[in-house]
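Undergrad: Sequence first, predicted model second:
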Amino acid sequence: MTSEALSNLLQENRRFEPPPGFAEEAEAPKELYDEAAGDRIAFWEEQARRLTWTTEWDSALEWELPFAKWFVGGELNVAVNCVDRHVDAGRGDKVAIHWEGEPGDTRALTYADLRTEVCKAANALTELGVEKGDRVAIYMPMIPETAIAMLACARIGAPHSVVFGGFSSDALRSRIKDADARVVITADGGYRRGAPSALKPAVDEALEECPDVHHVLVVRRTEQDVAWDDDRDVWWHEVVYRQDGNHEAPAHQSEHPLFILYTSGTTAKPKGILHTTGGYLTQVAYTHRVVFDHKPDTDVYWCAADIGWVTGHSYIVYGPLANGATSLMYEGTPDKERWWKMIEHYKVTILYTAPTTIRTFMKWGEEWPKKYDLSSLRLLGTVGEPINPEAWMWYREYIGGGRCPVVDTWWQTETGAIMISPLPGVTATKPGAAMRALPGIAADVVDDQGAPVPDGGGGYLVLTEPWPSMLRGIWGDDERYKETYWSRFEGRYFAGDGAKKDNDGDIWLLGRVDDVMNISGHRISTTEVESALVSHPKVAEAAVVGAADPTTGQAIAAFVILRGNVPEDESAGDAVAKDLRAHVAKEIGPIAKPRQILVVQELPKTRSGKIMRRLLRDVADNRQLGDVTTLTDSSVMELIKEKLPSAPSEE
């Protein structure tokens, strides 16, 4: 075993064929793979033609590595594709968004309603001086006006920069400045965990150092008192409601910037990922249709992400609306019953959520979803990080009733749309595997030298051909774009994820290569050890990190949350740690046994649910804690820091 590739340790042999009947009706037939392999560019042109273009393109792809342009010369309007064309086709009465607020208030917006609202908002932005090419920052809760604001920006050709409503005023300020936004759209606040959570004060604070912002457009949601600058601040209901409900939508070039979305970099300067119009919309519409097997006449689709993340951009707003979907949108955070109550009430057929949420539901126990009728569900999806096989099985069994295919999707802010996923009517699924690159996408797993690894081997996930929804660069920094994504393996895109191919050649994601642990010369991914821990019947969630060790180079420190049905006295003693160590040795091998196991109530997570392993590494190595400002609850780290030294340790 060399340290050049990742160890492939965890074996998973369960396999589920597409349900009978699903394949015959599937949106994506198995021939799609051959069609795309035969002529990839023609395949993408065929997908693009499902959109409405004002002008057809001259050239499908111009590729000067690492810069791609798709459907060059073509012109279209994203808002027309997401809204107007459905109304023009006689589907104006169809519900586009069923929205539910955390306090229980509801709204249903039809496509006709949505067109009127988007046109009014586009007219309002024009009145406020926003022109084509100007950047608009959006800092909002999960309310329909957030999607309306994005579509209004897209309509007039003003690239939006949505900043997640949980971010601090500092994070907001740096993003407003980097994009040079001139208008900010926000709300007085939103509802989270049963209480109003203010947003406008963070905007006011951020703008103390952003003198070029000339207007703040404020939606009234919580009716909290807010500070007001008469020269700058305007109420949405005062400016938008009085506008004309019609707006002549201009056509925009396929490569016109649609949005900038900031993702954290290793440096303090935020990384503005730039997405453009035609290629992005082509791929999000295609993937939404084939990965979720979307049937616009009968499905009620729910992507339970936040619009502030790329999942919300691509699979709450642009993909579903381009396909004429009826979607559910919810303002609040999950609790033990609310989700299942909404699925039963709205008869949701497709649910797309994150593994961290699924593991939270596992911790609370299957008795909660069992109280509700979830039989309307026909397809489940996961997004955001690799899913442990046991969480995948729990999701399939208790949420999908053992009958729903589960599509585990791999993609990133940078890729814009789903890249690797099962096709539900075609592909057999395996718990925890993303399976194959979608038709039209070229991906591989390579070793340290860039050579493809054989089946059964582990290494680095790379993309080998340009794709329509790919990022067009980092806003204002082409050199950083080349260095970050294209320098590690020549001519190939690599964004830092480890992966393995199983003996069938199917792809399993192994998390960030930054999180790989080097144990006695074996490069072991955190994902595999975490999956082994979560496969124990007492464990709901686990995070592992490598800690310095004088003998083995690194040793594994594990932090676990137990399921709700484990008695308190069992969770406190050494016995549970001993039991879990033996379990990992049996599942993976003695090499992966954690040196220390700490039972915790909560793990340090960002507001999008990602575990901050960096902070756990700081604690395990007894270092000063890094930045904790993006954590949902920073007190979690203090508790862990306090308890780790006394955690049971294997000598």
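TA: Structure's in. What do you need?
Undergrad: C-alpha only now, for contacts and for neighbours.
TA: Noted.
Undergrad: My understanding was that residue 458 contacts residue 499; is that so?
TA: Yes - under the criterion of Cα atoms under 8 Å, residue 458 makes contact with residue 499 at 5.8 Å.
Undergrad: so what pLDDT did residue 266 get?
TA: For residue 266, the pLDDT comes out at 46.
Undergrad: ugh, wrong one, I meant residue 2
TA: At residue 2, pLDDT is 34.
Undergrad: Residue 584 should be in a helix, yeah?
TA: Yes - assessed by DSSP: H, G, I helix; E, B strand; the rest coil, residue 584 belongs to a helix.
Undergrad: For residue 50, see how far away it is.
TA: 49 Å (Cα to Cα, to the nearest Å).
Undergrad: Those two - which one has more neighbours?
TA: residue 584 (25 against 14; other Cα atoms under 10 Å).
Undergrad: quick one: that one and residue 647, what's the gap?
TA: 17 Å.
Undergrad: repeat for residue 581
TA: Taken as Cα to Cα, the span from residue 581 to residue 647 is 13 Å.
Undergrad: Okay, buried residues for the helix-or-strand element of the chain with minimal mean pLDDT please.
TA: Ranking every helix and strand in the chain by mean pLDDT, DSSP states H and E puts helix 568-572 at the bottom, with a mean of 77. Neighbour counts over helix 568-572 (16 or more other Cα atoms under 10 Å) mark residue 571 as buried.
Undergrad: Give me the helices and strands touching it, please.
TA: Judged by 3 or more Cα pairs under 8 Å, 6 or more residues apart in numbering; DSSP states H and E, helix 568-572 is in contact with no other helix or strand.
Undergrad: Mind listing residues that contact that helix?
TA: With contact meaning Cα atoms under 8 Å, 6 or more residues apart in numbering, helix 568-572 is reached by 562, 576, 599.
Undergrad: Ok, stretch 199-209 next?
TA: 139-140, 165, 168-170, 172-173, 186-190, 213, 218, 226-227.
Undergrad: ok, and for it, which residues are buried?
TA: 199, 200, 201, 202, 203, 204, 206, 207.
Undergrad: Between those, which sits nearest residue 338?
TA: The closest of the buried residues of stretch 199-209 to residue 338 turns out to be residue 199 (Cα to Cα; 24.1 Å).
Undergrad: Now do the residue nearest the centre of the chain against residue 417, distance only.
TA: Nearest residue to the geometric centre of the chain (Cα atoms, centre = their mean): residue 311, 3.9 Å. As judged by Cα to Cα, residue 311 and residue 417 stand 8 Å apart.
Undergrad: shaky segments in the protein?
TA: 1-6, 8-9, 264-268, 629-630, 651 (pLDDT under 70).
Undergrad: just to revisit the earlier point, give me the subset of the contacts of stretch 199-209 lying in strands.
TA: 139, 186, 187, 189, 190, 218 (DSSP state E).
Undergrad: count of residues packed around the fourth one?
TA: Other residues near residue 189 number 25, with proximity taken as other Cα under 10 Å.
Undergrad: From residue 205, how far out is it?
TA: 15 Å.
Undergrad: Next: the first one.
TA: From residue 139 across to residue 205, the span is 13 Å (Cα to Cα).
Undergrad: With distance to residue 606 as added columns, please give the ones in strands among the contacts of stretch 199-209 in CSV.
TA: Listed next are the ones in strands among the contacts of stretch 199-209 as CSV, based on distance: Cα to Cα, whole Å:
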residue, distance to residue 606
139, 17
186, 21
187, 22
189, 20
190, 18
218, 26
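Undergrad: which of the residues you listed has the most neighbours?
TA: Busiest of these [other Cα under 10 Å] is residue 187, holding 30 neighbours.
Undergrad: That one: what's it in contact with?
TA: 139, 140, 141, 199, 200, 217, 218, 219, 220, 221.
Undergrad: Now flag whichever of those residues is closest to residue 637.
TA: Nearest to residue 637 among those, with distances taken as Cα to Cα, is residue 199, at 25.4 Å.
Undergrad: quick one, phi/psi of that closest one?
TA: phi -120, psi -40 (degrees, to the nearest 10).
Undergrad: Any figure for the gap between it and residue 23?
TA: Taking Cα to Cα, one finds residue 199 at 46 Å from residue 23.
Undergrad: With residue 486 instead?
TA: The value you get for residue 486 to residue 23, if Cα to Cα is used, is 38 Å.
Undergrad: do the same with residue 273
TA: Taking Cα to Cα, one finds residue 273 at 36 Å from residue 23.
Undergrad: Pick out whichever of these two has more residues nearby.
TA: Shown here are residue 273 and residue 23; by other Cα under 10 Å, residue 273 has more neighbours (23 against 19).
Undergrad: which helices and strands sit right next to the helix or strand encompassing the more buried one?
TA: Assigned by DSSP states H and E, residue 273 belongs to strand 271-276. With contacts taken as 3+ Cα pairs under 8 Å, 6+ apart, strand 271-276 sits against strand 257-263.
Undergrad: where along the stretch 301-450 of the chain do the helices fall?
TA: For the stretch 301-450 of the chain, the helices defined by DSSP state H, counting those that start in this stretch occupy 310-312, 319-322, 338-346, 355-364, 367-370, 389-394.
Undergrad: Quick check: residue 514 is in a helix.
TA: Yes - under three-state DSSP, residue 514 falls within a helix.
Undergrad: Once you drop chain neighbours, what's closest to it?
TA: Spatial nearest neighbour of residue 514, chain neighbours left out: residue 496 (7.3 Å); criterion: Cα to Cα, 6 or more residues apart in numbering.
Undergrad: Hmm, the one you found is touching residue 445, no?
TA: No - contact criterion Cα under 8 Å: residue 496 and residue 445 do not qualify, at 11.9 Å.
Undergrad: Overlap in contacts, these two.
TA: Counting by Cα under 8 Å, 6+ apart, the residues touching both residue 496 and residue 445 are 460, 461.
Undergrad: Which of these two has more residues huddled nearby?
TA: Between residue 496 and residue 445, residue 445 has the larger neighbour count (other Cα under 10 Å), namely 26 against 17.
Undergrad: any idea how far residue 516 is from that one?
TA: Taking Cα to Cα, one finds residue 445 at 16 Å from residue 516.
Undergrad: Repeat that for residue 347.
TA: Residue 347 is 41 Å from residue 516, by Cα to Cα.
Undergrad: Mind checking which of these two has more residues around it?
TA: residue 516 (22 against 17).
Undergrad: For that one, which residues are in contact?
TA: Residue 516 neighbours (Cα under 8 Å, 6+ apart): 523, 524, 525, 526, 546.
Undergrad: repeat for residue 297
TA: Residue 297 neighbours (Cα under 8 Å, 6+ apart): none.
Undergrad: swap in residue 414?
TA: 273, 470, 471.
Undergrad: Am I right that the second one sits in a strand?
TA: This means residue 470. No - counting by three-state DSSP, residue 470 is not found in a strand; it is coil.
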